[in-house]
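> The amino acid sequence is not available; the structure is as follows:
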């Protein structure tokens, strides 16, 4: 009997198991009829149905039949193989059979969930079952190959998510490369003043983590740098990082500001990115006092020396440590890592895209991020909330959902705007005692202490008007509107259109995927959702994994998140990476290409086709040779092989032809 | 009584033919029909193919004379692209072509028609074949014949790629030339070939001409038709197979026409009968007058006898001698005896051998300059060669990319179709009387046919095939009263 | 069962789809998860990459009774294996040329780039394809070519006899 | 003991396969010594009736060349099947349909119109076509009807072995005959030739670049063909990589690309489709427009990739022109 087990010799004994998936499948597929149909297919010795095949009893059903020798091959018709193939392969292996003598028919995602007519659904299900049965007879036992995992991790993005993930991994002794585009880590969080709902200051909780990164020997921090090349696969990625020249020697600079003071420009002449353009900085600068690393940087686009070559270069002389090196050039670092965490974050919605809100047209209309800087003590106005004329505002309107929940811009809710709007309302009121009006569609405060925070604001006499703002303009009707910005909105609670004259407007802009998200995902070979957020492997069960093994997601690059969620997810991503590294190896799918040496004519057609250089030409044998470890199993070479000498495990020509016959056999 | 006799197929020829003979109530032949029962339609499926593929595609019209089609096609491509092959290419083509003539004529004489003479038309059929010939002439001679053909075909393969279905023809030349070190092979074999040609003629002399009964056959009226004759000739009206002008002589031997291949359409038409897949070419200048011979009928003949008749001699000395002897024995030009074809064929074999010898030692043939790259936009091309079985005409029209839009092929044997029909009819009438039909007589009717070495593979670009030979005898009401199966 | 039924009912084309594991197959799963109902005429065969698609598979599907073939892969530049879909498009273009010259309406064979997130595109493409092929009608290579070759069917063809009218 | 009986027969072929047998030259004498040739229309006078007279399985083996295009041919091969222990499909036409199979690109009627009406030199004002039966004064003349579709031998009768090639190379023929006489036969259905592609025996293989990709396809007459370099590398559509070896790369030796007469290797189902897959993979472009441009020099895909195998292909014939085909 054990000779029959898992062997492909002798007539195969196929077990077919049809899953009801509760009613998910059985509502659109006549499971019993399908079972009957399967019974009569060639080589099928067992045909059963069960409510939930993926459940333990379901799997035991299969294992019992395998152990009893009733079957030696398994077909499960249930959900997508992307969902449960692994589960059932484990089950088969659990019964000491080769896990690859298993085939799945996807009758849920591809049938019951997408088919209206039950008869049609049943028919389609039968076709897919027939295909799987035809195919499985041609399966042979296969072994997975193990490849060791490089213990280092690459983290892309130095915002709170990247920082947290880096620290978590570093603390567990893993070597981490943290790569950040900007001259400093900190990301958006570094720009915030306070954080909701606890109102503790962002800097106070972030900067310790930032310096911890700087201090941690396990973390290699590369700011002002970008990942430009990704090769290899899970456990064995080869990464190219471009370090842009900052013209300052990081190891020498102590961030004393002398060079900055010495700069030929006495005043800043460039929009300060950190203060979102509310202030100016010099061509040589340190983004903000807590910048990490605390190292100056020269912006060669605005530096006189780089523009004219005629600068007196006071900065160079000013630096005692001779840290300034104007000849510094871009540098490419090549590293190997086993896992990658993407924490590239988000960008805020561009308020210009909603002209009727007058952003950029009227002076005293700000985005929430600008106000974040304004209320920040280290911000452009030293924490003062003031109008362009320097006066503090008497009335402020905060407009929620700018660019969010809107068919013309982003359909989705950005999740954080309600809370930060409340936070800003509180802070503005605190600093200016102005009347603050919140215009909201729905007040969304899910989360620990969030609703309470809303309560608190209600008691602080902040005004809440439920309704989407129609327009903001300086077009006045009454004397008291004179010189003010008039916010027109329908108050859906009292059912009238209201005009609220204010001195200042805050536009609570939503979160969007970064504009370079598409390039990044291509670089790392992952997918994006329609909105442009990086696509997780499964929305619930694998929220930080991607379809590319070894690449994980942390923070807002995967979707709008507030800080606690980002940190939580960063931790999760770090844990996933750790799990991978601590296991020490990855098992590769055996669906690789192989060559039948006797049939290979050495025509070399395949060799140039492999993107992973897995195929080489053996000049002694005069035939092609495949490196199984490098082969990723795409099968491109197999399709090209003019004499059929190349085949792909689990996807041989025979198997696919038989699957085609299968799907057509029942129509 | 009225009988219908069907000889089906005519064996020992390349291709497929079927003869129906109707007897009148006295049991004498009323009429005999030659039918060719298949068609491949190369003209149709040539369309859409790139012109440069035609030499290889049309060679599949006939695996016995693929070189003829290949060559005609290659010449058509030269004309299509209005490009002149380098001198080396021209000479190598003609060299290969004459080599092909030798082995093909040898094939016909020794394997196909030979048995009729060497073994004898009335010999038992089990002996009436190459093996019988070997028996007669001796296994050693047989081996020589075989070896000769082998050597010749090896040389063809050396240049053309394959002896059966060559591949070397290109518009503007050929794909492969002759390496210096190989030239000697060609010279050696050509010398042997000349000897072989002389030997074959001698064999014919001894076995055939010395046998008065055979000579009677050849000269007997039943194998005689007075038709027009056509063949390619060079500037001196000497027979040439690779190039030249088409010369057509009247039944009285005087020149009727001398045209370039390009002018063929003005003078040659093809007549269609519903009882045969073959088309019957005729001289438009005279017109189609039905199956009758004589100067008033447009029927003409091609192939060895016709070529000798249409020429004023052979361009090489030994062949010229043989040519003169031929007419000396058989009387003044033109000779109208169909069976003389076999002799004429051997005269030609000798010419090709001598021509091969000339070209083999020509210094030009080892030049590497063998292909002129076409530059002109193709529109239309016509190519004519003499195939062993007669004049072969290819004619293509293409679009500007050189994709065939229409093709016309008039193939060697086909030119003889009408005259062959006459031969069958006349032979049947002469050989069958009072309804008595025996295997030997039927074979002698086939001889009339076989003498042309007709290749019905070519003739209809048809699919050769095999069907039983049945003599069906019908009474005047067309009821089958008797059926003789040929055993 | 379906046969006599589909006789009375409107023609239900049979379409075989080859979807790449990473983009289009996933998108099809997404369409399922999102309960996007679409016409049941398509049967999906999963391959790891559109680069695995051997034109033989397309012809085999047609031979085995499919009225159309749909090929789905990652968008150019998105291939999970970097370049498989580029190989696919090269082969597909030449295959289309061949099918055209073989007299098969090339609308019966379609290639679509469908990303993992484009469940709605799966729905749209499959519905479109089904309609297109329904309009084109059954391909039925079986009776139209293959069955002519089966012994039972080899009796003289029921072809128009004009060719044989001739003079008789 | 009597020598084994052997038959040769031709269907829709050009006679080249017969020539190939004749090209056994001296060897043919050995063959003749070893066997009784019981049937060989091209060279011997035995007739169908002789075959009918045989008991079943009387012939040890019958080599049948040519495609099947008419009921006569079908009847004949069925008869020969009965009378032979082994049937060998001899040559491309019998195995794959061969060049006559290109007729499957058209209707029979298209052919008739072309041959008997349209061709330049045809004079046929009466629009006369050959007819299955014609009444002449003396009686009735009949012709066989041709089918619309050319078929391979194994689409009509059960075939034991295949000898590929147009025509089959002499050495393969002798090997095959030898194996049969010695009773050393491979599994039924085998192709009696090495199961490996032509490149393996091609002298130019080493000149083929490891990573070949093509920006342009060339037609043989457009360039001075390098006599050393791999033809595909010169942009010529050489199908050697898709084609079974056994001919010694004869065409390539003559400096011309392989056109695939030996057919595909065992693993390949559809020669043309596989050729497309392999050739297209080499195109050096990812841009659809450019790909199209590069493909324009493949002027005749069907005729190029199915030159010898159209009837054996998965499509078998042109679709619109099949009887029902094209009727909407």
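Ah, there it is. Since the structure is predicted, the reported quantities are computational estimates derived from the model, not experimental observations. Residues are numbered from 1 along each chain as shown, chains lettered A, B, ... in the order given.

> list the contacts for residue D:160?
The neighbourhood of residue D:160, defined by Cβ atoms under 8 Å, 6 or more residues apart in numbering or on different chains, consists of D:86-88, D:188-189. Backbone N, C-alpha and C define where each C-beta goes, glycine included.

> in chain B, what spans have low per-residue confidence?
Along chain B, segments meeting pLDDT under 70 span B:1-18, B:37-38, B:113-114, B:116, B:121-122, B:125-126, B:128-129, B:435, B:437-440, B:453-487.

> which helix is the longest one in it?
helix B:180-204 (DSSP state H).

> returning to that earlier point: which of the contacts of residue D:160 tops the neighbour count?
Within the contacts of residue D:160, residue D:88 tops the neighbour count with 28 neighbours, counted by other Cβ atoms under 10 Å in any protein chain shown.

> That residue against residue D:158, yeah?
No. Taking contacts as Cβ atoms under 8 Å, residue D:88 lies outside contact range of residue D:158: 11.8 Å.

> Of all the residues in the helix or strand following the longest helix of chain B, which ones are buried?
Stepping forward along the backbone from helix B:180-204, the first helix or strand reached (DSSP states H and E) is helix B:212-219. For helix B:212-219, the neighbour count (16 or more other Cβ atoms under 10 Å in any protein chain shown) marks B:214-215, B:217-219 as buried.

> Domain ranges for chain A, per the record?
The record's domain parsing of chain A by automatic domain parsing lists A:14-143, A:145-244+A:330-345+A:520-586, A:258-318, A:348-512, A:592-648.

> Of those domains, give the one that comes closest to residue B:172.
domain A:592-648 (29.9 Å; Cβ to Cβ).

> what about that closest one, start to end distance?
Between the start and the finish of domain A:592-648 there is a gap of 6 Å, counting by Cα to Cα, to the nearest Å.

> Quick check: the most centrally placed residue in chain C vs chain B, distance?
Central residue check for chain C by Cα atoms, centre = their mean: the C-alpha nearest the mean position is that of residue C:69, 1.2 Å away. Computed with Cβ to the nearest Cβ, to the nearest Å, the distance linking residue C:69 and chain B is 25 Å.

> Check residue D:66 too.
When distances are taken as Cβ to the nearest Cβ, residue D:66 and chain B turn out to be 6 Å apart.

> Might one say that residue D:112 is in contact with residue D:129?
Yes. Contact criterion Cβ under 8 Å: residue D:112 and residue D:129 qualify, at 5.4 Å.

> Which residue of the chain is positioned most peripherally relative to its centre?
Answering for chain A, as no chain was given. Of all residues in chain A, residue A:479 sits farthest from the chain's C-alpha centroid, using Cα atoms, centre = their mean; the distance is 51.6 Å.

> not quite, I wanted chain D
In chain D, by Cα atoms, centre = their mean, residue D:137 is the one farthest from centre (41.4 Å).

> Not counting residues beside it along the chain, what's closest to it?
Of all residues not flanking residue D:137 in the chain, residue B:31 sits nearest, at 7.5 Å (Cβ to Cβ, 6 or more residues apart in numbering or on different chains).

> what bridges to that neighbour?
residue B:22 (DSSP bridges).

> Tally up the residues packed near it, please.
For residue B:31, the number of neighbouring residues by other Cβ under 10 Å comes to 19.
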